[in-house]
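Student: Just the structure for this:
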Amino acid sequence: MFHVLLVLLTLAPATLLAQKSPLSAPAENLDDCTLIDSSNARLACYDDLATSSGTRTESTDQEEVDSGVTSSLVEQYMATEQAIFSFSGSFVGHRPMYILPFSYLKNANREPVSPRTGVSTYDYKLDNQEAKYQISFKVPLLTGLLENRTTLWFGYTQRSFWQLYNTDDSAPFRETNFEPEIFLRHALGLDLGPVTLSGLALGLNHESNGQSEPRSRSWNRIMGTTAFSYNRWLFIVQPWYRLPESASEDDNADIERYLGHANYRAIYRWTEDRTLSLKLNNNLRSDNRTSVELGYSFPIGGSVKGFVQYFNGYGESLIDYNQRVQRIGIGIMLNDWL
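Tutor: Numbering: from 1, shown residues only. Predicted coordinates for the structure are as follows:
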């Protein structure tokens with residue numbers, strides 16, 4: 001019930017973010033597009049300008065349109081966050097929210113192992129088919145005390161792996177990762193030639209799976225975020241420093257040997273309602289370990305998108321941080337990157 005309640009709480013702001021507010025008349029220039037409230041409709045405005053017939057046929061016109069797409073979307077997304085919170089006083093979207101009712105897991109980790117607690121097993125037969133979902137929201141703190149482009153946030157992300165098709169064992173939740181964080185974000189919009197430095201963030205991040213030993217996993221990090229936009233691309237780099245724990249309490253002391261010290265993301269806004277995303281991790285060691293997560297969202301009607309996700313690597317869940325797994329799943333996207 002707790003999981004369902006959190007999903008319902010986040011649906012309303014996600015839907016508001018996806019609503020469109022098109023211009024009453026066709027746009028004639030880029031300035032007209034900046035008046036659109038919705039990020040999706042705003043991107044469509046840029047596309048219409050780029051493909052419209054008439055005298056705008058030179059390649060420089062296309063470059064002018066493309067160069068402002070993602071940076072403008074980032075600016076509008078941050079403005080929409082403020083508008084939604086001011087209007088409703090509720091949560092706003094944080095990371096993407098999605099539901100994969102079906103996914104297939106190859107190399108399922110049936111005997112999780114920890115350097116400190118050793119090998120553990122599940123008290124049920126682990127299926128290769130399961131559901132996966134992620135919910136994520138944030139709420140601003142100290143509103144009115146900071147200047148407009150600097151915001152202190154509390155964020156929460158939950159990623160669950162549900163043995164939905166294991167009816168013999170009452171469809172247990174195999175793993176749930178809880179990730180609360182608090183971070184300070186500053187919006188920049190600083191032009192660096194063809195690239196725009198969109199924003200910086202710094203915060204404290206905790207992640208754990210809420211299980212008892214021997215399957216307990218957790219870590220605490222100081223995490224930074226740098227976001228760049230270029231044409232239709234958004235690039236996000238998240239380096240971190242893991243806060244040390246005593247050897248007697250650390251259930252995953254070697255986690256950075258598998259996940260490294262940063263996340264690297266690239267998001268491509270293909271069209272107004274189609275998005276490609278890539279997440280990379282690398283341990284940057286001689287025993288090279290790379291993890292890849294690919295996502296593709298596409299329209300299926302209304303404000304909801306279809307979503308396909310592929311993962312190959314380590315750390316999709318904390319219990320599997322040191323076991324390479326492969327997964328492909330299909331479902332719906334409730335709240336995309338932009």
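Student: got a list of contacts for stretch 297-315?
Tutor: Defining contact as CB atoms under 8 Å, 6 or more residues apart in numbering, one finds that stretch 297-315 is touched by 15, 18-19, 98, 100, 103, 132, 255, 258-259, 273-275, 277, 281, 289-296, 320-334, 336. C-beta: built from backbone N, CA, C; applies to glycine.
Student: Show me where this protein dips below the pLDDT cut-off.
Tutor: Across the chain, the ranges flagged by pLDDT under 70 are 1-68, 73, 76-77, 79-80, 82-89.
Student: Same question for Ala266, what's its three-state structure.
Tutor: Classification of Ala266 using DSSP: H, G, I helix; E, B strand; the rest coil returns strand.
Student: which among the contacts of stretch 297-315 end up buried?
Tutor: Taking 16 or more other CB atoms under 10 Å as the criterion, what is buried in these is 18, 98, 100, 103, 132, 255, 258-259, 273, 275, 277, 281, 289, 291, 293, 295-296, 320-325, 327-329, 331-334, 336.
Student: So what does the spatially most central residue of the chain look like in phi/psi?
Tutor: Geometric centre of the chain, nearest residue: Arg95, 3.6 Å, by CA atoms, centre = their mean. Main-chain dihedrals, Arg95, degrees, to the nearest 10: phi -90, psi 170.
Student: Quick one: neighbours of the residue lying closest to it once chain neighbours are set aside, just the number.
Tutor: With CB to CB, 6 or more residues apart in numbering as the criterion, Arg95 has its nearest non-adjacent residue at 3.9 Å, and that residue is Ser136. Neighbour count of Ser136, defined by other CB atoms under 10 Å: 22.
Student: Which parts of the protein are helices?
Tutor: Secondary structure of the chain, counting by DSSP state H: helices at 2-18, 30-33, 39-51, 59-88, 256-259.
Student: list the contacts for Ala187?
Tutor: 75, 78, 149-151, 198-199.
Student: contacting residues around Arg327?
Tutor: If you count contacts by CB under 8 Å, 6+ apart, Arg327 has them with 103-106, 132, 309-312, 316.
Student: repeat that for 6 Å
Tutor: 103, 105, 311 (CB atoms under 6 Å, 6 or more residues apart in numbering).
Student: And Thr150, by the same measure?
Tutor: His186.
Student: From Lys138, how far off is it?
Tutor: From Thr150 across to Lys138, the span is 15 Å (CB to CB, to the nearest Å).
Student: do the same with Phe91
Tutor: 7 Å.
Student: Glu147 too?
Tutor: Glu147 is 19 Å from Lys138, by CB to CB.
Student: Looking at the two, which is more packed in?
Tutor: More crowded of Glu147 and Lys138, by other CB under 10 Å: Lys138, with 23 against 7.
Student: list the contacts for that one?
Tutor: Counting by CB under 6 Å, 6+ apart, Lys138 touches 94, 153, 155.
Student: Not counting its neighbours along the chain, what's nearest Ser160?
Tutor: Leaving aside its chain neighbours, Ser160 sits nearest to Thr176 (4.5 Å; criterion: CB to CB, 6+ apart).
Student: I'd say the one you found and Trp162 touch.
Tutor: No. Applying CB atoms under 6 Å, one finds Thr176 not in contact with Trp162, separated by 8.7 Å.
Student: quick revisit: nearest to Asp250 among the contacts of Arg327?
Tutor: Relative to Asp250, the closest of the contacts of Arg327 is Phe311; by CB to CB it sits at 25.3 Å.
Student: Give the bridge partners for the closest one, please.
Tutor: Counting by DSSP bridges, Phe311 is bridged to Glu293, Arg327.
Student: Tell me how many other residues crowd it.
Tutor: Counted with other CB under 10 Å, Phe311 comes out at 22.
Student: For it, give its distance to Gly260.
Tutor: Counting by CB to CB, the separation of Phe311 from Gly260 is 16 Å.
Student: Ser103 too?
Tutor: Going from Ser103 to Gly260 by CB to CB gives 24 Å.
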